[in-house]
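1. quick one: sequence plus predicted model below, questions after.
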Amino acid sequence: MDTSIILGLLQNTAILLAFILIYDYSWVQKKEKRTLRQKVYTGIVLGGISIVLMITPWIQFPGLVFDTRSILLSLSGLFLGLIPTLIAAIISAIYRLSMGGAGVYMGIAVIVTSSAIGIAWNKFRPSWKEKNQVLELILLGLAVHIAMLGCSFLVPKESIRQTVSNILLPLLTIYPAGTLFLGLLMLRQYKNWENRRASEKLLLSEQRFTGLLQNTLLFSLIVDADGKISYSNDPFLKATGYSANELSGKDVFEIFVPEENRNVVRELFLKVLPQPQSFYNKETEIITKDRTRIVVSWNVTVIKDENNIASAIACIGENITIRKKAEAELILAKTKAEENDKLKSVFLTNMSHEIRTPMNAIMGFSNLLGEGNPDGEEKKKYVEIIRHAGDRLLKILNDIIDVSKLEARQLTLNPSECDLNFIFRNSFESFSKSDILKHKPEISFNLLLPADNKEPKFRCDGHRFQQVLDNLITNAIKYTEKGKIETGYRITGGTEENHIEVFVSDTGIGIPRNMNEIVFERFRQVEEGMFHEGAGLGLSISKGIVDLLGGKIWFESEPGKGTTFYFSVPYIKSGDIKTDKEVELNSPPDLKGKSIVIAEDDYNSYYYLKHLLESLKAKTIYAENGQVLIDLLHKQVPDIVFLDINMPVLSGFECLEKIKKERIKTKIIAQTAYAMPEEREKCMASGCDEYLVKPFSRLDVYRVISEVLSH
């Protein structure tokens with residue numbers, strides 16, 4: 001190898017030392033306040049150094065020069081990152097292009113590959129500074145200069161062989177060694193800076209700690225070898241409520257240590273005194289003069305006399321009562337958060353199951369109805385399955401809405417006169433005929449009503465009362481596989497304050513004792529992690545409703561043997577009334593000759609209403625948005641308008657405003673998917689005559705039509 005190559009490399013390496021100085025001054029020392037401007041400035045300076053390197057190269061033949069810019073740019077990418085290296089590479093490439101010569105393409109390629117490899121190493125091996133630094137730098141040097149060797153094929157063909165022959169050895173030895181040497185120097189500067197910063201932070205921390213210690217009122221206490229108090233400072237006296245005279249010469253254990261811990265602490269004290277170790281740390285609970293308890297963290301030093309015999313202990317303590325309480329609260333909060341995360345996961349999984357299962361039945365059997373041609377019985381069965389799945393899905397949605405109302409304190413009661421026996425018989429008959437019991441033939445379901453209460457009429461929100469009863473029966477069936485389920489009630493209390501006490505008992509799995517406190521919480525189920533129909537909201541909703549009714553709910557259970565739920569509400573008597581069954585609509589309204597506009601943007605909802613109304617001989621007109629409705633009303637005023645509140649172009653409320661302003665006389669029944677009480681109030685206040693919440697049944701439609709036509 002030509003000695004001029006070695007001399008040129010050594011000369012270039014010497015110039016690279018300036019790069020190290022710039023790295024230390026302009027980069028490492030300003031790590032915490034680097035700006036884009038600083039990065040650009042550093043890149044320009046590096047570009048200048050690269051130019052200097054190219055000005056002092058070793059020359060193989062005219063037009064083909066070599067220098068150590070590959071080392072500069074690769075280490076720049078490794079230590080300084082993208083922006084400074086990119087700027088330096090651009091400056092270097094421009095200058096090399098201006099130099100021209102046979103090796104111009106190789107030179108530019110070396111600039112690009114060296115910069116790219118250094119930047120990539122910085123990005124994809126960010127932890128290289130922590131371990132195997134020498135190996136990492138050697139590998140970097142080899143990668144850069146093997147790439148440089150590959151770039152030699154960009155020189156004229158007649159020069160490739162000579163070029164490779166001349167640079168092969170330095171590329172695989174001196175160049176990687178130079179990369180390693182300069183990289184280690186830069187790494188040392190970086191580590192030195194980190195050490196300086198750590199020392200500064202440690203010194204600052206020590207200064208702060210010293211200042212804090214000087215201003216902290218720590219306890220100080222000296223106890224002799226017999227456990228008698230010989231000294232106590234003012235902060236300790238103030239915290240415990242004693243005076244120095246009250247404590248001097250007194251037994252520290254008798255005064256300050258709780259009785260249940262006294263013997264243990266005294267034995268520990270006697271064991272500590274003869275030990276060769278002289279320093280201990282201990283947290284203890286002490287009793288103050290007013291009998292409150294505080295927690296103190298003690299640093300204890302054994303004091304020994306000239307004969308090396310323990311004569312006393314000196315204690316420096318800190319009152320950590322608040323901290324321990326906070327730690328306990330933090331642990332409790334952490335446990336609660338973890339439990340909530342688990343509950344959230346269980347709830348979402350269960351909710352997905354609860355929604356997808358009925359949806360699967362609805363979609364599946366709807367497809368079977370549409371695709372095939374089932375016979376009468378089979379078609380009836382399909383429809384029944386779809387109806388049952390829809391009811392199940394609707395119950396989930398209603399439960400979620402009820403929970404939201406209870407949380408927002410917006411669940412309102414609608415008290416009316418109710419027949420207690422009718423409510424129970426209605427629930428009993430519904431469940432007796434339901435599929436849920438048909439699939440559990442080993443369960444007997446019994447209704448036990450008091451024989452002496454023939455017509456127990458009372459004032460209550462019958463719908464909500466029955467909702468609680470149905471929730472408890474559903475729960476009993478869910479967790480019972482065989483045996484019996486019984487429900488009934490009894491009247492309790494004196495003549496002034498009678499109560500209705502309802503019970504639902506089962507012979508199911510029972511409730512584990514560790515679940516007793518949480519069964520009424522939202523989304524909780526007895527067997528969490530196992531799929532049971534329902535979202536875990538029924539008992540929570542039931543408790544909320546019973547509280548609103550002015551009652552209470554509780555249970556008795558024995559795991560493996562069964563559970564009995566009770567709820568009790570005030571028994572407010574009322575006079576003779578018609579039962580719910582007697583006022584129930586038994587026949588549809590007569591709509592022959594009536595014109596009804598259905599203002600609804602959802603075609604399926606329109607088609608459902610159209611079918612119900614035309615089956616009653618009504619004439620229906622379709623308005624797909626609010627503007628179409630207003631245009632229709634200008635031409636013809638119908639007997640009734642079914643008005644969807646959430647419509648395009650003009651909303652339902654905007655339509656109501658125009659109808660009111662133009663004094664168009666027609667009956668308006670609002671229909672909406674919003675189930676909150678304030679929505680009904682808003683609709684009625686805006687001019688509606690009746691109100692329907694989606695989804696609604698045939699009987700719901702008959703009821704509201706009968707109401708508006710009767711006025």
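-> Now that the structure is in, tell me what you want to look at. Please read these numbers as outputs of a predicted model, since none were measured by experiment.
2. show me where the stretch 501-650 of the chain has helices.
-> Assigned by DSSP state H, counting those that start in this stretch, the stretch 501-650 of the chain shows helices spanning 538-548, 580-583, 603-614, 626-635.
3. hang on, I meant the stretch 301-450 of the chain
-> With DSSP H, counting those that start in this stretch as the criterion, the stretch 301-450 of the chain has helices at 321-371, 376-407, 420-432, 435-438.
4. which residues are in contact with the residue nearest the centre of the chain?
-> The chain has residue 341 as the residue nearest its centroid, 7.1 Å off, counting by C-alpha atoms, centre = their mean. If you count contacts by C-beta atoms under 8 Å, 6 or more residues apart in numbering, residue 341 has none. Any C-beta I mention is one placed from the backbone N, CA and C, and that applies to glycine too.
5. local confidence estimate at it?
-> Predicted confidence (pLDDT) for residue 341: 75.
6. give me the contacts around the lengthiest strand in the chain.
-> Using DSSP state E, we find that the single longest strand of the chain is strand 293-304. Applying C-beta under 8 Å, 6+ apart, the set of residues contacting strand 293-304 from outside is 219, 222, 239, 258, 272-273, 275, 277-288, 310-321, 324.
7. which ChimeraX command selects the buried ones in the residues you listed?
-> One line in ChimeraX is enough to select the buried ones among the contacts of strand 293-304; burial here means 16 or more other C-beta atoms under 10 Å:
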select :219,222,239,272,273,284,285,286,310,312,313,315,317,318,319,321,324
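8. now stretch 684-691, how far from the centre of its chain.
-> Relative to the centre of its chain, stretch 684-691 is centred 40 Å away, using C-alpha atoms, centre = their mean, to the nearest Å.
9. now do that stretch, average pLDDT.
-> Stretch 684-691 carries an average pLDDT of 90.
10. now do the end-to-end distance for it.
-> The first and final residues of stretch 684-691 sit 8 Å from each other (C-alpha to C-alpha, to the nearest Å).
11. distance between the ends of stretch 169-178?
-> 13 Å.
12. now residue 229: closest residue in space that isn't a chain neighbour?
-> Distance criterion C-beta to C-beta, 6 or more residues apart in numbering; nearest residue to residue 229, sequence neighbours excluded, is residue 247 at 4.8 Å.
13. how many residues are close by the one you found?
-> By other C-beta atoms under 10 Å, 20 other residues sit near residue 247.
14. okay, the helices of the stretch 501-650 of the chain in TSV with mean pLDDT next?
-> Formatted as TSV, those follow (pLDDT from 0 to 100):
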stretch	mean pLDDT
helix 538-548	89
helix 580-583	38
helix 603-614	91
helix 626-635	94
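15. show me where the stretch 151-300 of the chain has strands.
-> 219-224, 229-232, 279-287, 293-304 (DSSP state E, counting those that start in this stretch).
16. so can I have CSV of those strands showing distance to residue 680?
-> CSV is the format used below for the strands of the stretch 151-300 of the chain (distance: least, C-beta to C-beta, whole Å):
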stretch, distance to residue 680
strand 219-224, 65
strand 229-232, 71
strand 279-287, 58
strand 293-304, 56
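17. residue 468: which of those strands is closest?
-> Closest of these to residue 468 is strand 293-304, at 44.4 Å (criterion: C-beta to C-beta).
18. now the angle between helix 321-371 and that closest one, please.
-> Interaxial angle, strand 293-304 versus helix 321-371 (axes from the mean of the first three to the mean of the last three C-alpha atoms, to 10 degrees): 130 degrees.
19. I appreciate the help and will end here.
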